[in-house]
Each structure stands twice: as C-alpha cells, then as structure tokens.
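Colleague: Have a look; sequence and predicted model below, questions after that.
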Amino acid sequence: MNEYRYDHRTVQGFILSAIFWGVVGILIGLLISVQMWLPAANFPPYLTFGRLRPVHTNGLAFGLGVGAIFGLSYWIVMRLCKRPLLFPRLARVQLWLFNAGIALAALSLMAGYTQSLEYAELEWPLDVAIVVLWVMFAVNVFGTVLKRREQQMYVSLWYVIATVIAVAVLYLVNNLALPVSLTKSYPVFAGVNSANVQWWYGHNAVGFVFTTPILAMFYYFLPKATGLPIWSHRLSIVAFWSLVFAYLWTGAHHLVYTPLPDWIQTLAIVFTLFLIAPSWGSVVNGYYTVGQDWSKMRSNYLTKFFILGITFYGLQTVQGPTQALRVVSQLIHFTDWVPGHVHMGTMGWVTMVITASVYYVIPKIYGTEIHSVKLANVHFWLVLVGQLLFSITMWITGIRQGWMWKATDAQGKLVYRNFVDTVAGNYPYWHTRTLAGIVFTVGMLFFVYNVLMTIRKGRALERQAAPATPAAHVTAA
Amino acid sequence: MAGKIYSKPLAFSIAATLAVLAGSIVMMAYPMLRSDMHPKVEGLVPLGALELAGRAIYQREGCVNCHTQTVRPLQSEVVRYKGNRAAEPSGRYSLAGEFAYDHPFLWGSKRTGPDLAFEGWLKSAAWHVAHFENPQSVVPRSNMPAYAFLKDAAVDGDDLRAHMRTLRRLGVPYTDADLEGAAAALQGKTEMDAIVAYMLSLGKAVDRGGKGGLELDLEEKNPVATDVAAITKGRQLFDAQGCSACHGDEAQGQEGVAPSLIDDAFLGAKGDLPDAAYFGMIKGGSDVKRQLGRPGLADGGMQPFGSELSDEDIWSIVAWLRNQKAHEASEGHHDDAAEHGNR
C-alpha cells in the first residue's frame, strides 16, 4: 500500500460514465444495424439511419473511448507519477462537463445539427465544450507529470502525452468553421482541401483515440495484470517515435482515386505501409512479454484479453495498409468491408483492452477481487465470437458487392446495372451482422454486470471498514 | 544521452509535438498553399438559393452516411454513373474543380446507396419526389428510409440568406442580388422542393462540354420492327436497363414519375410519333425530347442510353414498345367493354 491517496472517485466516475455511454452507443449500433435491412425501423425525423449513425460513432468514440481514456489515463498518470492529480477538483468538474457534453452531443445529432465531417460531426458550440474538456485534461496530465515523484517517465506516459498533443492539433484544425447560427456552421475549408483536412483528422482521430491511449493502457495494465515486465524497453522507444511520426502522413489513403492530387494519395499510401513496422513493434513486445510465461494465459484471466486485443491490433494494422493499396482500394472502398475493418479494431482491440483495464482497476480501488472470473470469461468469449462474426461477414459482403459494382461483360457493359441488385445481396449478411451485434452486446452486458457487482462488493467492504477510516477512497490532497 | 528525454517532460513534449507536426505540415498544411489543392474550373457557379437549402437538408438528414458524391476514374464507375454529356473522357468522372464551393465536401465514405455526383443527369424531379416519399414504390428491395415529412416543412428565406452570407465570407461568390433574391426563391417552397432541386443540381456545376440532342432522320424505319427475336430482346433490355423502374413493368408509366410509353398522348402531346423519335429519345434522352418539341415533364428526367446500348439494341426496345402498344390497344378495348358491361 502506498502512503499517498489517489483520487479514485473521479477515475471510477469516468469509467462508469464510459460504460453508460458505451451501452447507449452499442444499443444504437444494434438499431442502425437493423435499419440497414428493415427500412421500417427508421422513425423519422429523429431516429433515421442518417442521423443515428453519427450518434453511434460519436457515442462510442467520445463517450466510451474518450471517457475511458480520461479515467484510465488519470489512473496511469497518478500511479506512474506516484502522486495524486495536481488538480483533483478540476478533474471532477471535467467529469460532469464530459457527461453533459456527451448527452447534448447525442441530442444535437438526433436533431440533425451536424458539420457532415466524419467523427467531427458536432456543431461549433459543442466543439468549444470539447476543447475546454481537453484543456482540463491536458492541464491535469501535464501538471501532474511536472510535479511527479518518479524521475523516469514510463512508456505509457509517453503515449498519454502524445495523445493530448495530437488530438488538440487535429481537433482544432478540422473544426474551424464560420457559424451561421447556434446550430449551423460552414467549415472554412472547401472541396478537395476540405476532404484532405478531414481525412488527415479522421484517420488520426483513429490513431490518437483508438491507438495511442489504448497502447498506454496496454503497456501499463498488461505488466500489472500479469506481473511480467515489458519485454523490450528499446523496442517500445523505437515503436513509439516511429508511430507518432508516421501516423500523421497517412490520412489521404481514405481518398484513393478521388480528385485529391495524386502525389498526396501516393505519399499517404507509402507512409501507411511503413506504419506496419511501429504497430508490429508493440505487437511483438506484447507477445514476447507474455512469452516469458505463457501459462499466464491460463492462470490469469486478464492475459487473454490483452493478447487477443494486441492480436487484433496486429491484424488491423496489416489489413489497414493493405486496403490503402490502390488495387485493393478500388475494390473494397465504399463497401461494407470498411465497417468490417473498423469493427475489428474497435470491438477486438479497443474494447478488449479497455474492459480488461477496467477489470483490473475497479477491484484495486476497493482492495478486493473481481466479482466473478467465470462471468468475465463468458464476456470474453461472447465479444470474441460476436466481433469475428461481425467482421468476417462484412468482409465477405464487401468483396461481393465491390465485385458486382465492377462486373462488366465483354462489351464493357455493366452486368449489374441496377444498383439495387448489388444491395439486395447484402441482406443475408446484414441479418448476420445484427446477430453478431446481439452476441457482442450480451457479452458486454456480462461485463457491465460484473463491474457493478464488484463495486457493490467493494462498497460493502468499505462500510465495514468505515468506522476505522472514514471515506478512505475519497479525494486526497 | 537520448535516454534523458524520458525524464524531461518539457523536452519530451516538444519532441512529440514536432513529430506530430512534421506529417501534418507536409500532408495537410503545405498542400493548402499549392494551386493543385484549389483547382478552378471554367464557369463554376455556386448553388442557387433553393439548391443550397436542399444541401443543408441533405447534411441535416445525414444522407452523406450512405451516399457518396465522387465518381472515381474507373471504367465500371464511369459507365454506371453517367455524367455522359461530357465531350472529353476526363469529364466523365468527378473533377477536383467542381467542388470548389463545397463547404465542406460531401464525398462520403460509404456507398450503401448509389453515388449521387451526377444525379442531376439521371433522374427527374417527379421520380425524386416519389422516391423520397416512398423509396420502395420506385425501387423495390431498396433499404432507404422514407422522407415524406419533408413535404410538410417550409424552407425559410431569411435563414437561408444568413447561410449565403456566411458562405460569401468564406469566398463563395454570391452577389447582393443572390442574397436579396433568396427569400423570393424560397417563397412557398417546401423542404421536399429544396432537396429535389439539390438532387437535380448535382454534377451540373460544370459545363461538361458535350452537346445535347442528336441528328435524327424521322423518316428512318425500324429495321427490326417485325422481328420476333428482337421484340423479345427488347423486352429483356427494357427490364435489364432499369427502364421499368420509372416507366412501369409494362411501359404503362407511373403516375407522377414517368409517362406511359404506350398510350395515345405520349409525352403530353396527342398523336403518335414515328419510330425514329422513340429511337432518338432512348439514345439521347431529354435533349432529344426537347429537340422534337415534346413538352413531357418540365425538368426532363430521361437519361440518354446511347453510351450503353447499340443502335440495334435500341431498335429492339422500340420494336417491343410498338408491339406492347398494339397489344394494349386491343386489350384496352376489352377493358372498356367490361367496364361498360358492369355499369
């Protein structure tokens, strides 16, 4: 037991908020997956696919993703700096503002207030709120790091710092807009330039929300959960710098064969291929770390979450660069292959690592054990099966539809001239995707139940201990 | 030596910032200074008031989540999404310059429904209204939700003037007259009118250099008029080319979408047309219709099929239409007789 007290309440607040928004986002994902094959499941004007899809993506990227990043980064920062947050009250305000912001974001998107930029849909007043939130986060991270009681900064701190910096730059530039009213604005960039800025942002939002902070968790919680030290410190240094350097060059691979100047497309493709190296640096490091004692896969229930997570990260970071190649892009771009790809990363890598980290943190807050390892194992297998079924189904139908779009006869005429013929073939696959989503959702509900039961157990323990040390877990100085 | 940076947060943060900025500058900031990022095309005009109102609705409804607006320079794509009045092959796919006034671009990333970059060339206003109201009525098996509620909402001229003023500040060349005329242009219009106007504007911001119309010899006879094999083939082509989606399964037309091709008042004017006129309209679309002085639907939603069908194929379709017309004429008498009988 350390002599310091950490602000666990704020960490737990962020984790529970993230879980709440995660459930909302996943349920909306289920609804829009049904809307893909059942138009009658649209309820205009507020609950149509067009308005709900951003609620799903923003809800999960910002609600679940950023919520978990705030909470778990604070945990990591406090532990690695061996001190409480420098501004615990600010973090508490940040927690409330975060929840108010996400709630307003969801409502505003359903009302149709949108900038029409993917993952940057929110209109300008909410953009301002997000910037304020990020500044609060940055102040606490940098403040705490500057006043740390541990000389050396561990690799997880590097990734947290890089996340704070990169997201700030990306978000500020891509959301520059001139307001018409409180609910409508026009982005300052136009046409091809607007496309280039958007995908520089869009791809790096993936890089610095779904990659670097998740790697911070991976590098911290994998050794903590298993008791095995990271295999190579040197490899983590090389992988870190090459990742944060190379990521920002790659966004234009989303615009292959569009009117964007060719040189930008080509340069982006080249850097995208290079990005395999640093990504796999972390994959190798993860594997060799657990490779020091593979029996942990059996004896420690969290190990398999991290190993499967980093495996999907590895697959994701090979599949992504493959998709960037012109010959592949022309076939699968705009098809369901791409949601299949994204969901391997989000369901397979991001949620695996976040849920495993939460399983580690929540019992630690109360000095107890997880409610049920058995339920955690059920959760693991359900989300694994759900995710694989989802992604593989979407890859198949993506190739199928891409091929039908391209099919021409000997005279160069389209074989499937009616577009809807190529859509109709998606229906059985879209049914399967909804099924996969249900399996995944049930798995996540096991996780939520397990976490809540652990907290309940922890609170009961606290009450028993209360007379001796009142409010032991509360904010410390 | 280099290891020291991991115990110096300030130095570390500066190094990380530089690493992040390097790619951002080369790939995002520097291209903004280059002319190839701001291409200009001759005669590009910004959207009119009603079209711009429609674009705002397109954004609000999140259409961009399912529809792309960029035709890639791939053979199969150029054939499918015909901007095909283009004189040059390079005009048949999306050009960088035609998006210069798009704040922001709406190219999208998912093609659940078809690309809309050249939609203005492909469908009529009537088709769009019918489709927005109930997509499955014109495209069975489609998964698009219905947007009938757009008919009940009015568009606001004052609000739109503010949109245009904002865009003008961003460099879109709206004139004072455009701004003042906004209210009048939107007078009495619904959101449905606006989004349909936007659909019809797509792909038309640029003069693609092709000329409409054909040189027609109205005396020319159908070489396959009585060929049974050709008539059968014509029927098959009618279905395969999607003609029935607008004109109905038996070419009988669809109320408010597309006219009957087999009645006595073809395209709004009484009296029959020679086979060569049918041939020309299939080959050259609405431009030929206007050339022939047939009023038809005001906006002219007939798309040209000359780039996809051989002359012989088109003559086969004409042969089937003629056959169908003769068939309907005799069937029609029976129906009339039956109705009279019932009364």
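Modeller: Arrived safely.
Colleague: now the strands: where do they sit in the stretch 101-250 of chain B?
Modeller: In the stretch 101-250 of chain B, no strands are defined using DSSP state E, counting those that start in this stretch.
Colleague: Residue ranges in it under the pLDDT threshold?
Modeller: B:209-213 (pLDDT under 70).
Colleague: near chain A, which residues of it?
Modeller: Residues of the stretch 101-250 of chain B found near chain A (CB under 8 Å from any CB of the partner chain) are B:101-114, B:135-136, B:139-149, B:159, B:162-163, B:166-167, B:169-172, B:240-242, B:245. The way it works is simple: take the backbone N, C-alpha and C, and place the C-beta from them, glycine included.
Colleague: Any chance of a ChimeraX selection covering the buried ones in those residues?
Modeller: This is how ChimeraX selects the buried members of these, with burial counted by 16 or more other CB atoms under 10 Å in any protein chain shown:
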select /B:101,102,103,104,105,106,107,108,109,110,111,112,113,114,135,139,142,143,144,145,146,147,159,162,163,166,167,172,240,241,242,245
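Colleague: pull the CA atoms of stretch B:238-257 into PDB?
Modeller: The C-alpha trace of stretch B:238-257 is given here as PDB (Å, rounded to 0.1, in the frame of the first residue of the first chain):
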ATOM      1  CA  PHE B 238     -36.300  -2.800 -71.000                       C
ATOM      2  CA  ASP B 239     -36.000  -4.700 -67.700                       C
ATOM      3  CA  ALA B 240     -32.200  -5.100 -67.600                       C
ATOM      4  CA  GLN B 241     -31.600  -1.400 -68.200                       C
ATOM      5  CA  GLY B 242     -34.000  -0.500 -65.400                       C
ATOM      6  CA  CYS B 243     -36.500   1.300 -67.700                       C
ATOM      7  CA  SER B 244     -39.300  -0.300 -65.800                       C
ATOM      8  CA  ALA B 245     -38.100   1.300 -62.600                       C
ATOM      9  CA  CYS B 246     -39.600   4.600 -63.900                       C
ATOM     10  CA  HIS B 247     -41.900   3.700 -66.800                       C
ATOM     11  CA  GLY B 248     -43.500   0.600 -65.100                       C
ATOM     12  CA  ASP B 249     -43.200  -3.100 -65.700                       C
ATOM     13  CA  GLU B 250     -45.200  -3.000 -68.900                       C
ATOM     14  CA  ALA B 251     -44.200   0.500 -70.000                       C
ATOM     15  CA  GLN B 252     -47.600   1.700 -68.900                       C
ATOM     16  CA  GLY B 253     -46.000   4.600 -67.000                       C
ATOM     17  CA  GLN B 254     -46.200   5.600 -63.300                       C
ATOM     18  CA  GLU B 255     -48.300   8.400 -62.100                       C
ATOM     19  CA  GLY B 256     -46.100  11.400 -61.300                       C
ATOM     20  CA  VAL B 257     -42.900   9.600 -62.100                       C
END
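Colleague: my guess is residue B:238 meets residue B:245, correct?
Modeller: No. The pair residue B:238 and residue B:245 does not pass the contact test of CB atoms under 8 Å, sitting 10.4 Å apart.
Colleague: list the contacts for residue B:245?
Modeller: By CB atoms under 8 Å, 6 or more residues apart in numbering or on different chains, the contact set of residue B:245 is A:418, B:138, B:139.
Colleague: could you redo those as TSV and give each row distance to residue B:193?
Modeller: Formatted as TSV, the contacts of residue B:245 follow (distance: CB to CB, whole Å):
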residue	distance to residue B:193
A:418	28
B:138	18
B:139	21
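Colleague: Take the residues you listed and keep only those in helices.
Modeller: residue B:138 (DSSP state H).
Colleague: what's near enough to touch residue 221?
Modeller: Going with chain A. With contact set as CB under 8 Å, 6+ apart, residue A:221 has these partners: A:302, A:306, A:353, A:356, A:357, A:360.
Colleague: right idea, wrong chain: chain B
Modeller: Taking CB under 8 Å, 6+ apart as the test, what residue B:221 contacts is B:275, B:276.
Colleague: Show me what secondary structure element comes after whichever strand or helix holds residue A:67.
Modeller: In this structure, residue A:67 sits in helix A:67-81 according to DSSP states H and E. Remark: after helix A:67-81, the chain's next helix or strand is helix A:88-110, criterion DSSP H and E.
Colleague: helices or strands up against that next one?
Modeller: Applying 3 or more CB pairs under 8 Å, 6 or more residues apart in numbering or on different chains; DSSP states H and E, one finds that helix A:88-110 contacts helix A:8-35, helix A:49-58, helix A:67-81, helix A:124-146.
Colleague: among the ones you listed, which is nearest chain B?
Modeller: Each of these has some distance to chain B by CB to the nearest CB; the shortest is helix A:49-58, at 2.9 Å.
Colleague: just to revisit the earlier point, mind checking how far the helix holding residue A:67 is from the chain centre?
Modeller: Distance of helix A:67-81 from the chain centroid (CA atoms, centre = their mean, to the nearest Å) equals 16 Å.
Colleague: what do you get for stretch A:161-168?
Modeller: The answer for stretch A:161-168 is 15 Å, by CA atoms, centre = their mean.
Colleague: Can it be said to contact chain B?
Modeller: Yes. For stretch A:161-168 and chain B, the contact criterion (CB under 8 Å from any CB) is met by A:161, A:162, A:165, A:166.
Colleague: Just the element for the residue lying closest to the last one once chain neighbours are set aside, please.
Modeller: Distances taken as CB to CB, 6 or more residues apart in numbering or on different chains place residue A:208 nearest to residue A:166, at 4.2 Å, with adjacent residues excluded. When elements are assigned from DSSP H and E, residue A:208 belongs to helix A:191-209.
Colleague: correct me, but residue A:146 touches residue B:9?
Modeller: Yes. Counting by CB under 8 Å, residue A:146 does reach residue B:9; the two are 6.0 Å apart.
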